[in-house]
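>>> whatever this is, show me its structure:
(chains A and B)
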Amino acid sequence: MSAEALQALWLSVKVAVVATAANAAIGIPLAYLLARRRFVGCHLLDLFVTLPLVLPPTVTGYYLIVLLGRRGWLGAPLYALTGWSIAFTWWAAVVAATIMAMPLIVRTARAAIESVNPAYEKAAFTLGRSEWRTALEVTLPLARRGLLAGLVLAFARALGEFGATLMLAGNIPGRTQTVPLAIYTAAQTGETGEALWLVIMLTALSCVVLVAANRLGGRAP
Amino acid sequence: MEWSAGDGTAVLFGPSGSGKTLTLQCLAGLVRPDHGRIVVNGRTLLDTATGVNLAPQARRLGYVFQGYALFPHLSVAGNLAFGLRGRPRAERQARVQEVMARLGLAGLADRYPRELSGGQQQRVALGRALAPDPELVLLDEPLSALDAPLRRQLRDDLGAILSDWGKAAVLVTHDLPEAYQLATTVVVYANGRAVQSAPRTELLWQPASEAVARVMGIRNILRGTVVKADADSIQFRWRGQLLEGANSPSRCYLPEPGSAIAFYVRPEYVRLIRKDRGGPDALHHANLMSTTVVREADVGTVWTLCLRLDEPGPPAQGDYDLEVEVPKLVYEILEIPRDRRWQVSIHRGSIQVLPAA
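Presented below is the predicted three-dimensional model:
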């Protein structure tokens, strides 16, 4: 395998790990809110979080450029202030992977949290626990298998992200070229041997992840 | 309806869906009632008039949930210590040890709820609620998750634990024997409302209304028309018969002549007149009626007979007028399977008049 392919593999894993961490930090609290609270705009929030699941990744990527690009709504003030833009850096790949994987963790985690019997939470309240402590000590531990399964799925999705990454991060070998992008480039330029290696690697990794997700999700907590 | 538990156990009794559990959740602060006031030991937990509404965390009430809701991811010790957060570690451990010893849970500290028997689970749930020393314990159908034989024994245990810990308690059940055994005061629920609150003995013999009697599963609840009522007795007409019942000395009820009246006759207090002992006499056999057996059922230790009066007109309870219970031996001696026509008598003290609700 070439140095470029190894770089792509390393970058993919790095991006997927950071994106999964971000999803744990953002997606699980979001899932909790959607599962346990009724608030103004909760349906809208649910819609926005789920949208990347059904939109073509290029459309999601386009929105991300509009939002975070050097001339984007958030990107322009950031560039004016720091002279740095997220576009075409490996952080862009992280953002794209996070947004694309978010629906998976939120939906899985939400279902897991909703399946926790509210009587446990009520019991914790009557024993003096705040809602915040109850979530940490009762609800999330009881939903942990579902949460882990969601994170594993999100990791797999982040690993395979292509369209939105291409839009926001580009396809720069050694900097933003993840495995899916490297496979695309290799196939386009006729380096089929190189592509085959990466395809096999990615397929094997995805299989491992899916088996892990099934085993976690299948067992009762 | 206002009721108070005193220092004993108030039992909220009624059919499923009559609002008992909702009352408990209002007490615990898990549900906010539209209006009302809850005061425990002089501490106002809720007063919708003044806007006071303490959070469940601040109410200091123990709650034993239906099905117990023991935390499945925590051991017995973890469950028992859950309400002791914020106290020094040594004190927490000592309290858990004490609770386990008093409830007969010694040696089970490291077990998980799924590894416990039904009885042990119940005691852990009680212990978890009692450990923080609450001012009041709320119990929602604490025995409904158990099989009948175990249920009986745990009913005794539960009563002993509650009186041993000296905790005032509010207990919800739809089982009358359970209510009767565990209660100091019984509050009867029907159709989403509390309809009677009474010391347990009074409730059983003097249901306050027809609705209460129906909730209690009392049989032979019938309706007649008043002929005459005085402090001693009430005469009324029912199915063409003139019947007389004793008026309650403690709670005299004087309805107008011509008004409708509800009454009940306990099936075990209807007498069948033996045909081999001479005719009935008016002195000993009040409220005499001629009847025919419509059908009967063997319900274990006794036979239940459905009797129809030998009177024209539709029977009071579907195809029969009175339900009567006779011991098996009597059923056999009187040869009831062969002989279907019987005169019956009801002592005037056995006709209980139900005041209009």
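
>>> ok, residue 183 - contacts?
Because you didn't say which chain, this covers chain A. Contacts for residue A:183 (CB atoms under 8 Å, 6 or more residues apart in numbering or on different chains) come out as A:195, A:198-199, A:202. All C-beta spots, glycine's among them, are computed from the backbone N, C-alpha and C.

>>> sorry, I should have been clearer: chain B.
Contacts of residue B:183 by CB under 8 Å, 6+ apart are B:8-11, B:13, B:171, B:200.

>>> local confidence estimate at the closest residue to it other than its chain neighbours?
Distances taken as CB to CB, 6 or more residues apart in numbering or on different chains place residue B:11 nearest to residue B:183, at 3.8 Å, with adjacent residues excluded. Here, the pLDDT recorded for residue B:11 equals 90.

>>> with respect to chain A, which of the contacts of residue B:183 is nearest?
Checking those against chain A with CB to the nearest CB, the nearest one is residue B:171 at 15.5 Å.

>>> per-residue pLDDT, that closest one?
Reported pLDDT for residue B:171: 93.

>>> so which residues on chain A come close to chain B?
Contacts of chain A with chain B, taken as CB under 8 Å from any CB of the partner chain, map to A:117, A:119-120, A:122-130, A:138, A:141-142, A:221.

>>> go with 6 Å
A:119-120, A:122-123, A:125-128, A:141-142 (CB under 6 Å from any CB of the partner chain).

>>> reformat those as a markdown table; add neighbour count and distance to residue B:19.
Shown next, in a markdown table, are those (neighbours: other CB atoms under 10 Å in any protein chain shown; distance: CB to CB, whole Å):
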| residue | neighbour count | distance to residue B:19 |
| --- | --- | --- |
| A:119 | 17 | 18 |
| A:120 | 20 | 24 |
| A:122 | 20 | 18 |
| A:123 | 29 | 21 |
| A:125 | 22 | 21 |
| A:126 | 27 | 20 |
| A:127 | 25 | 25 |
| A:128 | 20 | 27 |
| A:141 | 17 | 33 |
| A:142 | 21 | 29 |
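
>>> pLDDT and distance to residue A:13 for the residues you listed - can I get that in CSV?
Shown next, in CSV, are the residues of chain A next to chain B (pLDDT from 0 to 100; distance: CB to CB, whole Å):
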residue, pLDDT, distance to residue A:13
A:119, 94, 41
A:120, 96, 37
A:122, 95, 42
A:123, 96, 42
A:125, 95, 42
A:126, 95, 46
A:127, 95, 43
A:128, 93, 44
A:141, 95, 28
A:142, 95, 31
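
>>> quick check, nearest of the residues you listed to residue B:73?
residue A:141 (5.0 Å; CB to CB).

>>> can I take it that that closest one is in a strand?
No. Under DSSP: H, G, I helix; E, B strand; the rest coil, residue A:141 sits outside any strand and is assigned helix.

>>> what's the top helix by length along chain A packed up against?
Using DSSP state H, we find that the single longest helix of chain A is helix A:3-36. Helix A:3-36 sits against helix A:90-114, helix A:144-159, helix A:179-188, with contacts defined as 3 or more CB pairs under 6 Å, 6 or more residues apart in numbering or on different chains; DSSP states H and E.

>>> okay, and which of the contacts of residue B:183 map to strands?
Here DSSP state E is the test, and the contacts of residue B:183 give B:9-11, B:13, B:171 as lying in strands.

>>> which two among the residues you listed are spaced furthest apart?
Spatial extent of the ones in strands among the contacts of residue B:183 (CB to CB) is set by the pair B:9 and B:13 at 11.7 Å.

>>> between those two, which one's more packed in?
residue B:13 (29 against 25; other CB atoms under 10 Å in any protein chain shown).

>>> got the contact list for the residue lying closest to that one once chain neighbours are set aside?
Spatially, and ignoring its direct neighbours in sequence, residue B:13 is nearest to residue B:179 (4.1 Å; CB to CB, 6+ apart). For residue B:179, the contact set (CB atoms under 6 Å, 6 or more residues apart in numbering or on different chains) comprises B:11, B:13, B:173, B:186.

>>> dump those residues into a markdown table; add distance to residue B:211 as well.
Listed next are those as a markdown table, based on distance: CB to CB, whole Å:
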| residue | distance to residue B:211 |
| --- | --- |
| B:11 | 18 |
| B:13 | 13 |
| B:173 | 18 |
| B:186 | 14 |
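
>>> so where's chain A shaky on pLDDT?
Applying pLDDT under 70 to chain A flags the ranges A:1, A:217-221.

>>> where in the stretch 101-250 of chain B is pLDDT low?
Ranges of the stretch 101-250 of chain B meeting pLDDT under 70: B:204-205, B:248-250.

>>> how about residue A:104, what does it touch?
With CB under 6 Å, 6+ apart, residue A:104 has these contacts: A:153-154, A:157.

>>> what's the answer for residue B:212, then?
B:188, B:195-196.

>>> which of those residues sits closest to chain A?
For the contacts of residue B:212, the closest approach to chain A (CB to the nearest CB) belongs to residue B:188, at 25.7 Å.

>>> nearest residue to the closest residue to chain A within the stretch 201-350 of chain B in space, please, no chain neighbours.
The stretch 201-350 of chain B approaches chain A most closely through residue B:215 (26.2 Å), counting by CB to the nearest CB. Spatially, and ignoring its direct neighbours in sequence, residue B:215 is nearest to residue B:190 (4.7 Å; CB to CB, 6+ apart).

>>> how many neighbouring residues does that neighbour have?
Neighbourhood size, residue B:190 [other CB under 10 Å]: 20.

>>> what does residue A:70 give?
When counting by other CB under 10 Å, one arrives at 15 neighbours for residue A:70.

>>> and it, that's in a helix?
No. Applying three-state DSSP, one finds residue A:70 to be coil, outside a helix.

>>> for it, which non-adjacent residue is spatially closest?
For residue A:70, the spatially nearest residue (CB to CB, 6+ apart) is residue A:85, at 4.3 Å.

>>> please report how far the one you found lies from residue A:168.
Plainly put, residue A:85 is 11 Å away from residue A:168 if you go by CB to CB, to the nearest Å.

>>> neighbour count for the two, which is higher?
Neighbours were tallied for residue A:85 and for residue A:168 using other CB under 10 Å; the higher tally belongs to residue A:168 (29 against 18).

>>> quick one: the helix or strand that one falls within to chain centroid distance?
Following DSSP states H and E, one finds residue A:168 within helix A:163-169. Centroid displacement of helix A:163-169 relative to its chain, using CA atoms, centre = their mean, to the nearest Å, is 14 Å.

>>> what packs against it?
Against helix A:163-169 (3+ CB pairs under 6 Å, 6+ apart) you get helix A:57-68, helix A:90-114.

>>> what's in contact with stretch A:192-209?
A:1, A:5, A:152, A:156, A:179, A:182-183, A:186-187.

>>> now find how far off-centre that stretch is within its chain.
Using CA atoms, centre = their mean, the offset of stretch A:192-209 from its chain centre is 20 Å.

>>> which positions in it come out as buried?
Residues A:194-195, A:197-199, A:201-202, A:205, A:209 are the ones in stretch A:192-209 that count as buried (16 or more other CB atoms under 10 Å in any protein chain shown).

>>> hang on, the earlier thing: as TSV, the contacts of residue A:104 with neighbour count would be great.
What follows is these, written out as TSV (neighbours: other CB atoms under 10 Å in any protein chain shown):
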residue	neighbour count
A:153	25
A:154	30
A:157	25
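
>>> so which of these is the closest to residue B:21?
For the contacts of residue A:104, the nearest to residue B:21 is residue A:153 (38.2 Å; CB to CB).

>>> show me what contacts the closest one?
A:104, A:213.

>>> try 7 Å this time
A:104, A:108, A:213 (CB atoms under 7 Å, 6 or more residues apart in numbering or on different chains).

>>> for residue A:115, see how far away it is.
According to CB to CB, residue A:153 stands 17 Å off from residue A:115.

>>> could you do residue B:103 as well?
Note on residue B:103: its distance to residue A:115, by CB to CB, is 31 Å.

>>> those two: which is more packed in?
Applying other CB under 10 Å to residue B:103 and residue A:115 shows that residue B:103 carries more neighbours, namely 22 against 13.

>>> kindly list the longest helix within chain B.
helix B:148-165.
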